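**Student:** structure of the sequence below:
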Amino acid sequence: MNGLSEKADITFTLANSLPAEELMRVPELAAGYDEERDTWELIVKYQGDLKAYESNSIQIEELIFGYAIVTTDRDGWIFLSGLREVEYIEKPRPIFSQAILGQESSCITPVKKEPYRLTGRGVLAAVIDSSVDFENVHFRKEDKTTRILALWDQNAEGEGRPPEGFAIGREYNAVQINETLDGARIVTTQDVSGHGTAVAGILAGGKTDVFEGVATECSLLVVKLRQNVGEPFTQSADIMRAVAYCLKKAKEFGMPLVINLSYGTVWGSHRGDSLLERFINNASEIGKTCIVVGSGNEGNSGRHYRKKGQPKDSDRVELTVEEYDFGFGIHIFYPGAEKYRFSLITPYGDEIVLPELNGLYRGEARGIVVETVSSEATPYASFAEVYMQVVPRDLYVPAGTWYLEIIPVRSVTGEVDIYLSGTFSANRQTRFVQPEQNLTLTIPSTAERVITVGAYSAYNNGYASFSGQGEQGRSELYSPLKPDILAPGVEVRTIRRGGGYTNVTGTSFAAPFVSGSIALLMEWAIIKGNDPYLYGEKMKALLQGSARKQTGLAKIPNAREGWGFLCLADAFRIL
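**Tutor:** Residues are numbered from 1 along each chain as shown. Alright, predicted model coming up:
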């Protein structure tokens with residue numbers, strides 16, 4: 001099969017073409033596939049009435065703004081793509097969790113004192129993550145009852161119901177959580193990794209003698225993201241479900257909402273054209289809402305390469321594959337008006353030349369199989385895309401130096417962006433020899449309307465080299481400038497799952513400083529009536545305008561530091 005449907009993204013075309021046993025060898029490519037039922041969960045952009053097509057073999061969950069999650073068998077997508085209501089179909093992408101002095105360096109401490117005395121009371125803070133240790137004293141009120149208004153465990157099975165309008169998991173309300181705290185065994189959800197507890201601790205941990213979060217009295221909404229056993233990621237469809245759920249609950253409770261999302265992926269062009277990015281942009285415009293996303297930890301990972309130079313120049317890209325690598329993916333993006341040829345050279349000197357076609361191709365060499373799919377621009381993306389999945393014949397792919405040849409056929413810009421995927425399944429030392437740190441933000445921190453947060457060290461005011469970067473110089477190929485702001489993300493003190501405290505590092509833990517600050521601002525502005533319109537893009541502009549500029553930094557804003565370091569007290573000076 002060489003032809004592609006312009007209604008379906010190319011990674012789904014490749015994944016759906018593989019036998020189940022081959023597909024399951026690449027868990028990230030299999031995101032969205034249920035091997036036991038032989039079904040796909042797909043993200044669908046549509047208009048009109050999609051529910052009319054629901055049947056025993058097609059299950060439809062409508063979200064917001066013409067987005068839906070559709071579960072169907074392997075051939076069901078053909079039926080979907082033929083419907084006039086369906087505009088585009090995208091396979092779920094793997095979304096990874098992004099691996100505290102902080103409040104003082106972010107100028108948060110002054111606004112928690114007179115004359116403001118802000119705590120976030122009346123504001124709903126949503127933590128979309130690995131759940132929260134709800135029994136911890138920091139997530140309870142003074143009377144020992146919970147501050148969590150609702151908790152949706154997308155993994156839960158058995159008794160109980162999912163939230164209204166959704167098909168997976170189980171929802172718990174505050175009454176059920178409190179009954180569990182009193183000894184009943186109703187809520188069985190656990191934060192196995194502790195990631196969500198650490199994030200929630202920074203954002204909203206209640207005040208004790210030894211610790212306090214930013215918004216100590218805000219109400220909490222918790223979503224435990226679905227994650228298959230043995231796989232270190234969730235998928236974009238579940239992120240979309242979670243965001244839609246949070247918007248519905250905020251409307252139900254009648255509260256302003258800040259959503260904290262400390263997850264991201266490298267799967268995509270990084271230019272806002274995936275359905276996930278489009279969806280989150282739409283979601284940001286519903287209600288009195290702010291969505292905060294960490295910029296990711298790919299800044300110094302060595303997993304992004306950019307071809308530069310003259311448009312007619314060929315390029316031989318060198319990458320090092322370390323021992324014991326189970327395989328890796330190569331994602332290539334370039335302007336749809338241009339055309340390139342590619343070939344992959346293994347450490348043995350074997351060359352696999354990709355044909356000039358749109359569709360599927362399988363190449364083989366000693367020790368490996370390369371499954372490839374390519375596509376020109378689509379109605380939803382102006383960039384052409386090539387995806388190669390390198391898998392071993394046995395257990396590991398050959399270690400050593402590999403090369404990717406890039407040969408221009410028709411080129412104007414001369415720029416090609418290449419990303420290595422497989423952040424967890426592949427060896428972290430597998431990387432490009434001459435990587436590019438620009439455009440290393442993880443998706444969906446690339447979405448225009450979210451508040452994108454990078455990391456710095458509060459100990460030395462130094463930029464954290466792992467923090468994802470935007471496009472330096474605001475190339476015409478990429479807009480807008482990201483990140484928006486930096487917050488502390490190195491050795492941050494927070495709550496540990498099961499009790500006690502721990503230090504954590506990553507943009508995951510920079511984002512909740514900003515989310516908590518937004519909760520305090522929303523309390524002052526919306527709850528106390530000082531500015532009922534302080535949310536969305538207005539909130540982002542306030543944070544940008546009040547950011548602290550470090551002496552000696554490059555021109556602000558820029559693609560590393562955004563507009564500078566979070567400084568909440570200066571935001572109030574502006575107000």
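
**Student:** just checking, what packs against the lowest-mean-pLDDT helix or strand in the chain?
**Tutor:** The helix or strand of the chain with the lowest confidence, counting by mean pLDDT, DSSP states H and E, is strand 94-97 at a mean of 76. In this structure, strand 94-97 packs against strand 233-235, helix 236-253, strand 263-264, with contacts taken as 3 or more CB pairs under 8 Å, 6 or more residues apart in numbering; DSSP states H and E. Yep, even glycine has a C-beta here, placed from its N, CA and C like the rest.

**Student:** can I get these in a markdown table including mean pLDDT, distance to Gln154 and mean neighbour count?
**Tutor:** Listed next are these as a markdown table, based on pLDDT from 0 to 100; distance: least, CB to CB, whole Å; neighbours: other CB atoms under 10 Å:
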| stretch | mean pLDDT | distance to Gln154 | mean neighbour count |
| --- | --- | --- | --- |
| strand 233-235 | 83 | 8 | 25 |
| helix 236-253 | 97 | 6 | 23 |
| strand 263-264 | 88 | 13 | 28 |
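
**Student:** show me what the residue nearest the centre of the chain is bridged to.
**Tutor:** The residue lying closest to the centre of the chain (CA atoms, centre = their mean) is Gly264, at 2.5 Å. Beta-bridge partners recorded for Gly264 (DSSP bridges): Phe96.

**Student:** that one touches Ile443, doesn't it?
**Tutor:** Yes: counting by CB atoms under 8 Å, Gly264 does reach Ile443; the two are 6.0 Å apart.

**Student:** ok, back up a step: want to throw the helices and strands packed on strand 94-97 into JSON lines with distance to Val386?
**Tutor:** Below are the helices and strands packed on strand 94-97 laid out as JSON lines (distance: least, CB to CB, whole Å):
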{"stretch": "strand 233-235", "distance to Val386": "22"}
{"stretch": "helix 236-253", "distance to Val386": "20"}
{"stretch": "strand 263-264", "distance to Val386": "22"}
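
**Student:** among those, which comes closest to Ile368?
**Tutor:** Proximity to Ile368 (CB to CB) singles out strand 233-235 among those, at 23.6 Å.

**Student:** mind listing the helices for the stretch 451-575 of the chain?
**Tutor:** 511-522, 536-546, 568-574 (DSSP state H, counting those that start in this stretch).

**Student:** convert the least confident helix or strand of the chain to PDB, retaining C-alpha atoms only.
**Tutor:** C-alpha atoms of strand 94-97 as PDB (Å, rounded to 0.1, in the frame of the first residue of the first chain):
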ATOM      1  CA  PRO A  94       3.000   9.000  23.400                       C
ATOM      2  CA  ILE A  95       3.100  11.700  26.100                       C
ATOM      3  CA  PHE A  96       5.800  11.500  28.800                       C
ATOM      4  CA  SER A  97       6.000  13.000  32.300                       C
END
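
**Student:** coming back round to it: just the helices of the stretch 451-575 of the chain: most buried one?
**Tutor:** helix 511-522 (a mean of 31; mean count of other CB atoms under 10 Å).

**Student:** and that helix, what does it pack against?
**Tutor:** strand 124-129, helix 195-204, strand 257-261, strand 289-294, strand 451-457, strand 485-488, helix 536-546, helix 568-574.

**Student:** export the ones you listed to CSV and tack on distance to Ala31 and mean pLDDT?
**Tutor:** Shown next, in CSV, are the helices and strands packed on helix 511-522 (distance: least, CB to CB, whole Å; pLDDT from 0 to 100):
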stretch, distance to Ala31, mean pLDDT
strand 124-129, 17, 97
helix 195-204, 19, 97
strand 257-261, 17, 98
strand 289-294, 19, 98
strand 451-457, 23, 96
strand 485-488, 29, 96
helix 536-546, 30, 97
helix 568-574, 37, 93
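
**Student:** in JSON lines, list the ones you listed along with distance to Ile148.
**Tutor:** Output for the helices and strands packed on helix 511-522, formatted as JSON lines (distance: least, CB to CB, whole Å):
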{"stretch": "strand 124-129", "distance to Ile148": "9"}
{"stretch": "helix 195-204", "distance to Ile148": "9"}
{"stretch": "strand 257-261", "distance to Ile148": "14"}
{"stretch": "strand 289-294", "distance to Ile148": "19"}
{"stretch": "strand 451-457", "distance to Ile148": "23"}
{"stretch": "strand 485-488", "distance to Ile148": "24"}
{"stretch": "helix 536-546", "distance to Ile148": "24"}
{"stretch": "helix 568-574", "distance to Ile148": "24"}
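
**Student:** could you list the low-pLDDT ranges of the stretch 451-575 of the chain?
**Tutor:** Residues of the stretch 451-575 of the chain that meet the criterion pLDDT under 70 lie in 472-480, 551-554.

**Student:** now with 50, please.
**Tutor:** 474-478 (pLDDT under 50).

**Student:** one more: the stretch 1-150 of the chain?
**Tutor:** For the stretch 1-150 of the chain (pLDDT under 50), the answer is 1-2, 99-100.

**Student:** just the strands in it please.
**Tutor:** Using DSSP state E, counting those that start in this stretch, the strands of the stretch 1-150 of the chain run over residues 33-34, 39-46, 58-62, 67-73, 86-90, 94-97, 124-129, 148-153.

**Student:** just these: most buried one?
**Tutor:** strand 124-129 (a mean of 28).

**Student:** count the neighbours of Asp357 for me.
**Tutor:** Heads up, residue 357 is Leu, not Asp. 12 (other CB atoms under 10 Å).

**Student:** follow-up on the earlier one: CSV please, covering the helices of the stretch 451-575 of the chain and showing distance to Arg121.
**Tutor:** Below are those laid out as CSV (distance: least, CB to CB, whole Å):
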stretch, distance to Arg121
helix 511-522, 9
helix 536-546, 18
helix 568-574, 16
